[in-house]
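Chemist: Build me a structure from this.
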Amino acid sequence: MAYVITSACIDEATFEPECERVCEAKAIHRGRFTRLIDPDACTDCGLCDPVCPVGAIFPLDRVPESERDWILFNRQWRQGVSS
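Modeler: This next block holds a predicted model:
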């Protein structure tokens with residue numbers, strides 16, 4: 001399982017968030033409009049979730065139904081397809 005960054009992070013990519021600093025796996029990366037988590041690199045440590053200032057990070061199995069598309073967006077980013 002991995003963590004997922006959701007829509008609440010849109011337009012928050014302009015600052016250097018704590019989530020990126022605490023990610024020991026270096027799995028969080030900046031996209032054009034948001035940050036995304038590389039699901040292959042994520043070690044599921046959970047350090048990013050409590051430090052997110054906008055509540056955008058969820059464990060894969062707890063992503064709200066309305067945000068489920070973001071699971072795919074994070075995967076696509078990893079493949080070089082998404083923002």
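Chemist: can you give me the helices for the protein?
Modeler: 18-22, 69-78 (DSSP state H).
Chemist: In terms of secondary structure, what does the shortest one contact?
Modeler: Taking 3 or more C-beta pairs under 8 Å, 6 or more residues apart in numbering; DSSP states H and E as the contact definition, the neighbouring helices and strands of helix 18-22 are strand 28-30. Backbone N, C-alpha and C define where each C-beta goes, glycine included.
Chemist: For the strand it packs on, buried residues please.
Modeler: Buried positions in strand 28-30, judged by neighbour count with 16 or more other C-beta atoms under 10 Å: Ile28, His29.
Chemist: Which elements pack onto it?
Modeler: Packed next to strand 28-30, using 3+ C-beta pairs under 8 Å, 6+ apart, are helix 18-22, strand 35-37.
Chemist: where's that strand relative to the chain centroid, distance-wise?
Modeler: Put simply, strand 28-30 sits 7 Å off its chain's centre (C-alpha atoms, centre = their mean, to the nearest Å).
Chemist: that older thread, including mean neighbour count and mean pLDDT, could the helices of the chain go into CSV?
Modeler: Conversion of those to CSV gives the following (neighbours: other C-beta atoms under 10 Å; pLDDT from 0 to 100):
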stretch, mean neighbour count, mean pLDDT
helix 18-22, 17, 93
helix 69-78, 18, 87
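Chemist: okay if I get these as TSV plus distance to Asp11?
Modeler: TSV is the format used below for these (distance: least, C-beta to C-beta, whole Å):
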stretch	distance to Asp11
helix 18-22	15
helix 69-78	15
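Chemist: ok so, going back, closest to Asp61 out of the helices and strands packed on strand 28-30?
Modeler: Comparing the helices and strands packed on strand 28-30 against Asp61 with C-beta to C-beta, the closest turns out to be strand 35-37 (14.4 Å).
Chemist: what lines up beside that closest one in the sheet?
Modeler: strand 28-30 (antiparallel) (DSSP bridges).
Chemist: buried ones in stretch 48-55?
Modeler: So for stretch 48-55, counting by 16+ other C-beta under 10 Å, buried means Cys48, Asp49, Cys52.
Chemist: give the contact list for Cys45.
Modeler: Residues in contact with Cys45 (C-beta atoms under 8 Å, 6 or more residues apart in numbering) are Glu24, Ala25.
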